[in-house]
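Visitor: Following is a predicted model, sequence given first.
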Amino acid sequence: MSQLTLLWVLPLAGAAACLALGRFGRTLTRAAALAFSAAHFALSLFVLKPFLAGGGAGLVAVGGERLAFGVSYLLAADGFSLSLIGLTAFLNLICILASWNLEVGSAYWANFLGLASALCGVFLARDLFVFYVFWEATLIPMFFIIGLWGSSGRRHAAVKFFLFTFAGSVFMLLALLALVSAHHDATGVWTWDLQALKAMPMGAAGPWVFAGLLVGFGVKIPVVPLHTWLPDAHTEAPAAGSVMLAGVMLKMGLYGLIRVAFPLFPATAEAWAPWLAGLAALNAVYGALCAMAQTDLKRLIAYSSIAHLGFCLLGVLSRTSQGLTGGGLQMINHGITTGALFLMVGFLYERSHKRGLADFGGLAVRTPWLAFFFGFATLASIGLPGLNGFVGEFMCLSGIARSAVPLLSVPFFAVAGVVGVTLAAAYALPAYQTVFWAPEGPDSVSGKVPDLDTREKVILWVLCGLMLWIGLAPQSWLTIIEPSLRSLVR
């Protein structure tokens, strides 16, 4: 079995093992989940190792076996896709560790490993039918994670998540079917191979097919106004579910644009770029404004994700090496930083069963370690120089300002991004001050909240260490993703 196949098979085997071991009790099941997730992370690092020296433009490919109706089992990976697979495996391992003390059954661990398997398949597939199968497969475990282990409104949030993302997938499937059918009509050959379909002229139907892909990927990012499922899903999901949702699943939409939609329809993408950049700028500003209005910590971070992904989309749309690389780096940054914030809100909720800003106050005195880590991640999230958020946002804004695409280099888009950065500080810092430094109110539960234990400190030290590492030495990360993204620009 090839290394690329093993990247998605290993966590799937772990999910099956957890279900089989469920009858033997929680201790053995969670130990198996930890072992498989750790092995998956180690494998992702091993496969990524050849790209650490800047060879990220090359492809590691496997497969090509012909199946029915032109479908081929074709996997390929470059530095960019392998970095997202590494992020998936890393955050999945973090989620297993963060959930260690939860009283949950084997299905909980199996769903997280199954989700990691499907996500890796999305980032590996180069046959669009296989890509679509993995894409849809991600919905199933996340639906159960939200619906079974979420908060009081979990069922409504799970159904809303499923309906929105499934509806977007239908548009994507129709677009892919139109593309494959057009290729068959022109050549007499059925194929779903992404590389072969890049050369397929669509004529007048091209914009409609591109629009279908755009809806499917846009729901997942999500772009305004296709975003309304996200705050509910984050609010009701368990903390670990929010980590995987924000940390990896939201990146699927941007990855689809970079890997599928833009290479298939470069001319249409360039023509529509100003309008899409307008949506990205709207995401950055609207998401921040909505975050300022929230009184629930989880909803605040959820809306901040909409704003941050607006920056990523601006960088991707610039069609410059700097902007696209910044967008790719910011995808990784967002997964680490927002994942840490969601974990800490989860730790608070486990201790107090509260998430409202007004439910706390003075926590910095009672929980100094939690206050330190939360403050550190907040500063990274708002783009403090020296931490990871600054590097990605700066590269995205610089790329959009230097774009050669007509209308994209006008000051409006860069200015909108700067406004989004300013608003990030306006919602994040007051929220942090209210929870950790403001006087306790009459309904405060801060007195019942103990500080972090050793396991939680280790998890957060690792996450905050990565924020500092990327912020101080971004080139060590850019070396992995920049060559492959530069080749996409060309």
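Guide: It's in. Treat the numbers as computed from the prediction; the structure is a model and nothing was measured.

Visitor: for this structure, what spans make up the strands?
Guide: Taking DSSP state E as the test, the strands found in the chain are 60-66, 72-77.

Visitor: Beta-bridge partners for the residue nearest to residue 130 when sequence neighbours are not counted, please?
Guide: The spatially closest residue to residue 130, leaving aside those adjacent along the chain, is residue 73, at 6.5 Å (CB to CB, 6 or more residues apart in numbering). C-beta: built from backbone N, CA, C; applies to glycine. Assessed by DSSP bridges, residue 73 has beta-bridge partners residue 65.

Visitor: one step back: among the strands of the chain, which gets the worst mean confidence?
Guide: With a mean of 62, strand 60-66 has the lowest mean pLDDT of the strands of the chain.

Visitor: for the residue lying closest to residue 309 once chain neighbours are set aside, what are its contacts?
Guide: Excluding its sequence neighbours, the residue lying closest to residue 309 (CB to CB, 6+ apart) is residue 221, at 5.4 Å. Residues near residue 221 by CB atoms under 8 Å, 6 or more residues apart in numbering: 250, 253-254, 283, 309, 313.

Visitor: which residues of this protein score low on pLDDT?
Guide: 1, 53-68, 199, 404-410, 489-490 (pLDDT under 70).

Visitor: which residue is nearest the centroid of it?
Guide: In the chain, the residue lying closest to the centroid (CA atoms, centre = their mean) is residue 248, at 2.8 Å.

Visitor: ok so, going back, just the buried residues of the contacts of residue 221.
Guide: Buried members of the contacts of residue 221, scored by 16 or more other CB atoms under 10 Å, are 250, 253-254, 283, 309, 313.

Visitor: Between the residues you listed, which sits nearest residue 172?
Guide: Taking CB to CB as the measure, residue 253 is the one of the buried ones among the contacts of residue 221 closest to residue 172, at 10.2 Å.

Visitor: any idea how far the closest one lies from residue 227?
Guide: Distance, residue 253 to residue 227, by CB to CB, to the nearest Å: 11 Å.

Visitor: and for those two, which residues touch both?
Guide: Joint contacts of residue 253 and residue 227 (CB under 8 Å, 6+ apart) do not exist.

Visitor: Give me the contacts around stretch 429-449.
Guide: With contact meaning CB under 8 Å, 6+ apart, stretch 429-449 is reached by 297, 300, 348, 351-352, 354, 357-364, 366-367, 371, 374-375, 378, 382.

Visitor: run the last query once more with 6 Å
Guide: 300, 351-352, 354, 357-364, 366-367, 371, 378 (CB atoms under 6 Å, 6 or more residues apart in numbering).

Visitor: Can you get me the start-to-end distance on that stretch?
Guide: Across stretch 429-449, the terminal residues are separated by 21 Å (CA to CA, to the nearest Å).

Visitor: Residue 47 reaches residue 4, doesn't it?
Guide: No - counting by CB atoms under 6 Å, residue 47 does not reach residue 4; the two are 7.3 Å apart.

Visitor: Of the two, give the one with the bigger neighbour count.
Guide: More crowded of residue 47 and residue 4, by other CB atoms under 10 Å: residue 4, with 23 against 19.

Visitor: hang on, the earlier thing: for the buried ones among the contacts of residue 221, give me TSV that also has distance to residue 38.
Guide: Shown next, in TSV, are these (distance: CB to CB, whole Å):
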residue	distance to residue 38
250	25
253	29
254	28
283	35
309	29
313	33
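
Visitor: just to revisit the earlier point, so which of the contacts of stretch 429-449 is the closest to residue 14?
Guide: For the contacts of stretch 429-449, the nearest to residue 14 is residue 351 (29.4 Å; CB to CB).

Visitor: Distance check, that closest one against residue 95.
Guide: For residue 351, the distance to residue 95 - CB to CB - is 18 Å.

Visitor: what about the residue lying closest to residue 37 once chain neighbours are set aside, how many neighbours?
Guide: Nearest residue to residue 37, sequence neighbours excluded (CB to CB, 6+ apart): residue 93, at 4.4 Å. Residue 93 has 24 neighbours, counted by other CB under 10 Å.

Visitor: Quick check: residue 93 vs residue 28, distance?
Guide: Going from residue 93 to residue 28 by CB to CB gives 18 Å.

Visitor: OK, contacts around residue 15?
Guide: 110, 113-114.

Visitor: quick one: the helices in the stretch 251-400 of the chain?
Guide: Secondary structure of the stretch 251-400 of the chain (DSSP state H, counting those that start in this stretch): helices at 251-256, 262-264, 266-292, 297-317, 321-352, 363-366, 368-381, 388-401.

Visitor: how about the ones you listed in CSV, adding distance to residue 159?
Guide: CSV is the format used below for these (distance: least, CB to CB, whole Å):
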stretch, distance to residue 159
helix 251-256, 20
helix 262-264, 32
helix 266-292, 22
helix 297-317, 17
helix 321-352, 21
helix 363-366, 34
helix 368-381, 30
helix 388-401, 33
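
Visitor: right, so of the ones you listed, which gets closest to residue 186?
Guide: Using CB to CB, the helices of the stretch 251-400 of the chain put helix 262-264 closest to residue 186, at 14.6 Å.

Visitor: For the closest one, buried residues please.
Guide: By 16+ other CB under 10 Å, the buried positions in helix 262-264 come out as 262, 264.

Visitor: Give me the contact list for that helix.
Guide: Under CB under 6 Å, 6+ apart, the answer for helix 262-264 is 198, 269.

Visitor: just to revisit the earlier point, of residue 351 and residue 95, who's got more company?
Guide: residue 95 (27 against 16).

Visitor: nearest spatial neighbour of that one, skipping sequence neighbours?
Guide: Residue 95 sits nearest to residue 240 (CB to CB, 6+ apart), 3.8 Å away.

Visitor: can you tell me how far that neighbour sits from residue 484?
Guide: Taken as CB to CB, the span from residue 240 to residue 484 is 30 Å.

Visitor: Residue 70 is in contact with residue 187, isn't it?
Guide: No - with contact defined as CB under 6 Å, residue 70 and residue 187 do not form a contacting pair (10.6 Å).

Visitor: Which one's more surrounded, those two?
Guide: More crowded of residue 70 and residue 187, by other CB under 10 Å: residue 70, with 17 against 12.

Visitor: Count the residues that sit near residue 341.
Guide: The local packing of residue 341 (other CB under 10 Å) involves 26 other residues.

Visitor: so what's it up against?
Guide: Applying CB under 6 Å, 6+ apart, we find residue 341 in contact with 301, 377.

Visitor: Mind doing that once more with 7 Å?
Guide: Residues counted as contacts of residue 341 (CB atoms under 7 Å, 6 or more residues apart in numbering) are 301, 377, 381.

Visitor: repeat for residue 160
Guide: 229, 232.

Visitor: pretty sure the residue nearest to residue 95 is touching residue 97, no?
Guide: No - applying CB atoms under 7 Å, one finds residue 240 not in contact with residue 97, separated by 9.3 Å.

Visitor: between these two, which one's more packed in?
Guide: Neighbours per residue (other CB under 10 Å) separate residue 240 from residue 97, with residue 240 holding more: 26 against 20.

Visitor: Output stretch 285-303 as CSV, restricted to C-alpha atoms.
Guide: Extracted C-alpha coordinates of stretch 285-303, given in CSV (Å, rounded to 0.1, in the frame of the first residue of the first chain):
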residue,chain,number,x,y,z
VAL,A,285,-15.7,43.4,7.6
TYR,A,286,-19.1,41.8,8.1
GLY,A,287,-17.7,38.9,10.1
ALA,A,288,-15.8,41.3,12.4
LEU,A,289,-18.9,43.5,12.9
CYS,A,290,-21.0,40.5,13.8
ALA,A,291,-18.4,39.3,16.2
MET,A,292,-18.5,42.7,18.0
ALA,A,293,-22.2,42.2,18.6
GLN,A,294,-21.9,38.7,20.2
THR,A,295,-22.3,38.0,23.9
ASP,A,296,-21.5,34.3,23.5
LEU,A,297,-17.7,33.5,23.3
LYS,A,298,-18.2,30.6,20.9
ARG,A,299,-20.4,32.7,18.5
LEU,A,300,-17.8,35.5,18.7
ILE,A,301,-15.0,33.2,17.6
ALA,A,302,-17.3,31.6,14.9
TYR,A,303,-17.9,35.0,13.3
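
Visitor: No further questions, thank you.
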